[in-house]
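sharing a sequence plus its predicted fold:
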Amino acid sequence: MAGPSKIASFRLPPLPTIGEVIKLYNLRAEKQLSQNFLLDMRLTDKIVRQAGSLRDAHVCEVGPGPGGLTRSILNAGAADLLVVEKDNRFIPGLKLLSEAAPGKLRVVHGNILTYRMDRGFPDVITKAWEDDPPDLHIIGNLPFSVSTPLIIKWLENISNRTGPFVYGRTRLTLTFQKEVAERLTASTASRQRSRLSIMAQYLCTVKSCFTIPGRAFIPKPEVDVGVVHFTPLAQPQIQQPFKLVEKVVRNVFQFRRKRCLKGIQMLFPEAQRPELAEVMMREADVDPTLRPTELSIPDFRALADAYSHLCSENQGLLTYDFREELRLKHLHRRPGSSSNGTQQPV
């Protein structure tokens, strides 16, 4: 008969509370860094539960700050937690946690936007893209200033299977300003439907988990916070390079109240604009009178495919940017400018 399990459930030993750590190291949330501390362990536990089971999992926590969420991840049974913190004021408190969880917590003082997460974990956890996701999770209560650029970077990583996604379809559980969370999860024809909705949803299953009231944070932000969970799709809904898809989506949504044709036209140089825009809309079989928010992901797939086809037939089209054309026109119009856009000596 088997004896009792030798491995007891891991719990952190008695430690100073997060509030005490903040006092001990004289930590303050920096407004210019859009930092907000979440001290309620019931809420940090609830965020961690959205990731699924972390028993014996590998986890990367982004921007742990004073370590509230870090404690919840360790208490959920993670075997290996890598935390990446840019602000050196938080490092001593995180090292205190690391000593309390020997061999489980690695502290990196660095910037998540440049940190090489593809080197952060053992190769043995890697799963084929078509298989189930690897036992690796990214979790973070992100400062608002970094959340949008970071999710765009990670979406590009998903498309290219680079960064945290060299290990397979790594799942993410992240906090965003409520309005950004609503954009990420917005459905077709929703008022919040945006460029972010399309870019996230063509690559991932995106789930809105719950909203945390602003008053739960210190200092209290002016907005509530949404928790969003992402699972990369085994097969992206649009089979085109990320930069091409982003260009089409960005152009369409720049005139979000106009018909989608207006944004599509701006993909083409002025001389060919009406003709090529008409060809693209016809090839994609998308109604040119629809507003950007009314376009579905299959519509964007058809538009991206049609644009890709036109780019293969028209050299230089993919790199064309109408803003650059406008800038050059403006230079030409300035008094004292020569025809090549350079300033004439006075």
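Yes, it's here. Numbers count the residues shown, from 1 in each chain.

the closest residue in space to residue 178 that isn't next to it in sequence - how many residues pack around it?
Nearest residue to residue 178 in three dimensions, chain neighbours excluded: residue 224, at 4.3 Å (Cβ to Cβ, 6 or more residues apart in numbering). Yep, even glycine has a C-beta here, placed from its N, CA and C like the rest. By the criterion of other Cβ atoms under 10 Å, residue 224 has 16 neighbours.

kindly report the same for residue 290.
By other Cβ under 10 Å, the residues close to residue 290 number 16.

for residue 230, grab phi and psi.
In terms of degrees, to the nearest 10, the main-chain angles of residue 230 are phi -120, psi 130.

what ranges does the stretch 101-250 of the chain have for its strands?
For the stretch 101-250 of the chain, the strands defined by DSSP state E, counting those that start in this stretch occupy 105-109, 136-140, 171-177, 204-212, 217-218, 225-232.

which one of the ones you listed lies nearest to residue 296?
In terms of Cβ to Cβ, the element of the strands of the stretch 101-250 of the chain nearest to residue 296 is strand 204-212, at 15.0 Å.

tilt between the closest one and strand 225-232?
160 degrees (axes from the mean of the first three to the mean of the last three Cα atoms, to 10 degrees).

residues making contact with strand 204-212?
38, 43, 46-47, 50, 155, 158, 173, 175, 178, 181-182, 184-185, 200, 224-233 (Cβ atoms under 8 Å, 6 or more residues apart in numbering).

quick check: phi and psi at residue 233.
According to degrees, to the nearest 10, residue 233 has phi -80, psi 140.

got it, and the one 4 residues further on?
Dihedral angles of residue 237 (phi, psi; degrees, to the nearest 10) stand at phi -80, psi -20.

so who does the closest residue to it other than its chain neighbours touch?
Leaving out its chain neighbours, the residue that sits closest to residue 237 by Cβ to Cβ, 6+ apart is residue 202, at 4.3 Å. With Cβ under 8 Å, 6+ apart as the criterion, the residues that contact residue 202 are 236-238, 245, 297, 300-301.

residue 314 too?
Counting by Cβ under 8 Å, 6+ apart, residue 314 touches 272, 276.

redo that, cut-off 7 Å
With contacts defined as Cβ atoms under 7 Å, 6 or more residues apart in numbering, residue 314 has no neighbours.

which regions of the chain lie under the pLDDT threshold?
1-14, 16, 18, 20, 22-35, 332-346 (pLDDT under 70).

90 instead?
By pLDDT under 90, the low-scoring segments of the chain are 1-39, 65-66, 87, 89, 96, 142-146, 217-222, 322-346.

could you chop it up by domain?
For the chain, automatic domain parsing gives the domain ranges 18-232, 242-331.

check the gap between the spatially most central residue of the chain and residue 46 for me.
Central residue of the chain (Cα atoms, centre = their mean): residue 151, 1.0 Å from the mean position. Residue 151 sits 21 Å away from residue 46, going by Cβ to Cβ, to the nearest Å.

same deal with residue 137?
Taken as Cβ to Cβ, the span from residue 137 to residue 46 is 15 Å.

for those two, indicate the residue with more neighbours.
Neighbour tally, residue 137 and residue 46, criterion other Cβ under 10 Å: the higher count belongs to residue 137, 26 against 15.

need the contact list for that one.
Contacts here follow Cβ under 7 Å, 6+ apart; on that basis residue 137 touches 51, 54, 57, 59, 171, 173.

now residue 181
Contacts of residue 181 by Cβ under 7 Å, 6+ apart are 208, 226, 228.

would you show me how to pick out the buried ones of the residues you listed in ChimeraX?
Per 16 or more other Cβ atoms under 10 Å, the buried members of those correspond to this ChimeraX selection:
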select :208,226,228
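
how about the contacts of residue 181 in JSON lines, adding distance to residue 284?
JSON lines is the format used below for the contacts of residue 181 (distance: Cβ to Cβ, whole Å):
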{"residue": "208", "distance to residue 284": "29"}
{"residue": "226", "distance to residue 284": "32"}
{"residue": "228", "distance to residue 284": "29"}
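
and of the contacts of residue 181, the nearest to residue 127?
residue 228 (22.6 Å).

what's opposite the closest one in the beta bridge?
residue 174, residue 208 (DSSP bridges).

wouldn't it be in contact with residue 183 here?
No: taking contacts as Cβ atoms under 7 Å, residue 228 lies outside contact range of residue 183: 10.1 Å.

touching the helix or strand hosting residue 92 from outside, list them.
Residue 92 belongs to helix 91-100 when assigned by DSSP states H and E. Contacts to helix 91-100, defined as Cβ under 7 Å, 6+ apart, come from residues 12-13, 15, 21, 25, 64, 66-67, 70-71, 83, 85, 105, 107, 109.

how about stretch 170-177?
47, 50-51, 133-134, 136-142, 144, 147, 154, 164, 184, 223, 225-231.

drop anything exposed from those residues.
Here, 16+ other Cβ under 10 Å leaves 47, 50-51, 133-134, 136-142, 144, 147, 154, 164, 184, 225-230 buried among the contacts of stretch 170-177.
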